[in-house]
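1. what shape does this take:
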Amino acid sequence: AGQEYGTGSSRDWAAKGTNLLGVKAVIAESFERIHRSNLVGMGVLPLQFKLDQNRKTLKLTGKEKIDILGLTDAEIEPRMNLTLVITREDGSSEKVEVLCRIDTLNEVEYFKAGGILHYVLRQLIAS
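-> Numbering: from 1, shown residues only. A predicted model of the protein is given here:
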């Protein structure tokens, strides 16, 4: 996605819809602040391209397979770097470093739980 992904009205429903469609991560040049937080709250991973990269410079068409490396529950930290492996239709691949836009320790916990609702339910069950 481009810059300020998620700008506009109904940001909370936009994040819910993304999750309901089965999207696990969104890769963008930048995120609108509230929408980024809503994505994490729905268990969707916001990833941000580094400054010199975007969907155009990487020649992304939408037909690529993208794998996210280095994403295990034990290792998630706020604003950590992750590596994407972009595999193109012709079988060629490229590694790209992106910034994980889980920005706080609370958001790490929400994401690990699969979203804020799952987090709260687990807390209630545990108590």
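
2. so where's the protein shaky on pLDDT?
-> 11-12, 73-74 (pLDDT under 70).

3. report the separation between the closest residue in space to Gly115 that isn't next to it in sequence and Glu4.
-> For Gly115, ignoring the flanking residues on the chain, the nearest one in space by Cβ to Cβ, 6 or more residues apart in numbering is Gly43 at 3.6 Å. C-beta here means a position set from N, CA and C on the backbone, and glycine is covered the same way. Counting by Cβ to Cβ, to the nearest Å, the gap from Gly43 to Glu4 is 22 Å.

4. before we move on, what about Gln53?
-> 17 Å.

5. again with Pro78
-> 21 Å.

6. was I right to think Phe111 contacts Met42?
-> No. The criterion here is Cβ atoms under 8 Å, and Phe111 misses it with Met42 at 9.7 Å.

7. Val96 in helix, strand or coil?
-> Judged by DSSP: H, G, I helix; E, B strand; the rest coil, the three-state class of Val96 is strand.

8. contacts only, for it.
-> Contact analysis of Val96 by Cβ atoms under 8 Å, 6 or more residues apart in numbering lists 49-50, 53, 58, 83-84, 86.
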